[in-house]
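A.B. asks: Pasting a predicted model and its sequence here:
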Amino acid sequence: MSRKPLVGITGRRFQLSLLASADPRYGKACMDSFMSAFATRIAEAGGVPVHLPYDADPVDACEWLSGVVVTGGQDVHPDRWGGDASVVRGIDPRTDTNAHDPERDEYEFALTRVAIDRGIPLLGVCRGVQVLNVALGGTLIADLPPGPIPHLSQQGAPTDGDADHVVTFVPGSTAARVFGPSMVTNSWHHQALDRCGAGLVVTGRAPDGVIEAVEVPGAPILGVQWHPEWMERDDPAMDWIVDESRKRQEAWG
C-alpha cells in the first residue's frame, strides 16, 4: 500500500493571554495556532496534514513534505510589496491576531520559494494567494473600495458565500478543470492581487474584476482568494492539493 502524502499547513503564533480561559500565570507564553478545518479536509481527501510552526525550517521541512498550503490571516506587511507602511500600527502580533507579523511573513515567503523551487505542489488560500503573488514580485490592492460584490462578507464561517459572489474561471486553466466554468464562493478579504508576480496568470475573477484565482501554467501552483476549508460543501481545492501531492510523492519513488 502506498503511503499517504504529507501536506504542510502554515499557521500563526500568539500569546496564551488572548485565550479567555487561559491561566494568567502562562499568559506571556506563546502557542501555535492552525485552522483545524484545513487538517480535516486534507485528511478527508486522503492526505496526512502536518502543521508547520515557524521553527520548521522550510528547506528541512520540504525534504519530507509532498505538498504545502499557505493559509489565511492578517495582511502581508506593506514593506514586502511597496505599499503604504503608515498603516502598520506597531502592535505586537503575539497580542493582536490582526497585527502585521513580520516573522510569519518571513516564514511563509521562504516556504513558498522553497516549494516552488523544488516543484512541491502549493495551494495559497486568501492571505496565502497574496503571499504567493508578492513572493513572485507582484503587488496588492491595499484596500478594496466598496462595490456591488461583497468581498468582506458579514456571513460567519463556514458558508458557501453570498449568491452574487460568483467566480468565473478561464477555460482550459487548472482552475477551470478543478472548479468548473464558475462557482459561488465565500469571501473574507479587504485586500486583493493587483499586478501579478513572475509566472503567475489570472484564471479566476469575480464579476467586478477582482482577482480570485491564479496559477502557474505547467506547474502545481494554485492560489485562491476565498476559503475552501470554510465552504459548507466540499471544495475541490482540497482534493487538488492532495492529488497533486500524491503525484509528487509517487514521482519521488
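C.D. replies: Yep, it's here. Numbers count the residues shown, from 1 in each chain.

A.B. asks: Count the neighbours of residue 220 for me.
C.D. replies: Residue 220 is flanked by 22 other residues according to other Cβ atoms under 10 Å. (C-beta placed from N, C-alpha, C; glycine too.)

A.B. asks: wait, what's in contact with the closest residue in space to it that isn't next to it in sequence?
C.D. replies: Counting by Cβ to Cβ, 6 or more residues apart in numbering, residue 220 lies nearest to residue 121, which is 3.7 Å off, once chain neighbours are set aside. The neighbourhood of residue 121, defined by Cβ atoms under 8 Å, 6 or more residues apart in numbering, consists of 66-68, 115, 220-221, 241, 244-245, 247-248.

A.B. asks: among those, which are in helices?
C.D. replies: Assigned to helices by DSSP state H, the following of those qualify: 115, 241, 244-245, 247-248.

A.B. asks: farthest pair in those residues?
C.D. replies: Distance extremes for the ones in helices among the contacts of residue 121: the farthest pair is 115 and 247 at 14.6 Å, using Cβ to Cβ.

A.B. asks: quick one, which of those two is more surrounded?
C.D. replies: Ranked by neighbour count (other Cβ under 10 Å), residue 115 and residue 247 place residue 115 first, with 25 against 14.

A.B. asks: ok, which stretches of the protein are strands?
C.D. replies: 6-10, 12-15, 30-33, 48-52, 67-70, 122-125, 140-141, 166-169, 182-184, 192-193, 201-205, 211-215, 221-224 (DSSP state E).

A.B. asks: chain center to the fifth one: distance?
C.D. replies: Between the mean C-alpha location of strand 67-70 and the chain-wide mean there is a distance of 8 Å, by Cα atoms, centre = their mean, to the nearest Å.

A.B. asks: How about the fourth one?
C.D. replies: Between the centre of strand 48-52 and the centre of its host chain there is 14 Å, according to Cα atoms, centre = their mean.

A.B. asks: Likewise for stretch 36-48?
C.D. replies: For stretch 36-48 - counting by Cα atoms, centre = their mean - the centre lies 15 Å from the chain centre.

A.B. asks: which residues are contacting that stretch?
C.D. replies: Under Cβ under 8 Å, 6+ apart, the answer for stretch 36-48 is 4-7, 9, 49, 51, 66-67, 69, 71, 158, 228-230, 234-235, 238-239, 241-243, 245-246.

A.B. asks: Next: stretch 104-115.
C.D. replies: By Cβ under 8 Å, 6+ apart, stretch 104-115 touches 8, 10, 12-13, 52, 54, 58-59, 61-62, 65, 68, 70, 73-74, 76-77, 80, 93, 120-122, 124, 128, 131-132, 134-135.

A.B. asks: Tell me the buried residues within those residues.
C.D. replies: Among the contacts of stretch 104-115, those classed as buried by 16 or more other Cβ atoms under 10 Å are 8, 10, 12-13, 52, 54, 58, 61-62, 65, 68, 70, 73-74, 76-77, 80, 93, 120-122, 124, 128, 131-132, 134-135.

A.B. asks: which one of the ones in helices among the contacts of residue 121 is nearest residue 34?
C.D. replies: residue 241 (15.4 Å).

A.B. asks: show me where pLDDT drops low in the stretch 101-250 of the chain?
C.D. replies: Of all residues in the stretch 101-250 of the chain, none has pLDDT under 70.

A.B. asks: for this structure, what spans make up the helices?
C.D. replies: 36-44, 58-61, 102-118, 127-135, 174-179, 236-252.

A.B. asks: Alpha carbons only: can I get the second one in CSV?
C.D. replies: Spelled out, it's helix 58-61. Taking C-alpha atoms only, helix 58-61 is exported to CSV below (Å, rounded to 0.1, in the frame of the first residue of the first chain):
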residue,chain,number,x,y,z
PRO,A,58,11.4,25.5,5.1
VAL,A,59,14.3,23.7,3.5
ASP,A,60,14.3,20.9,6.0
ALA,A,61,10.5,20.6,6.0
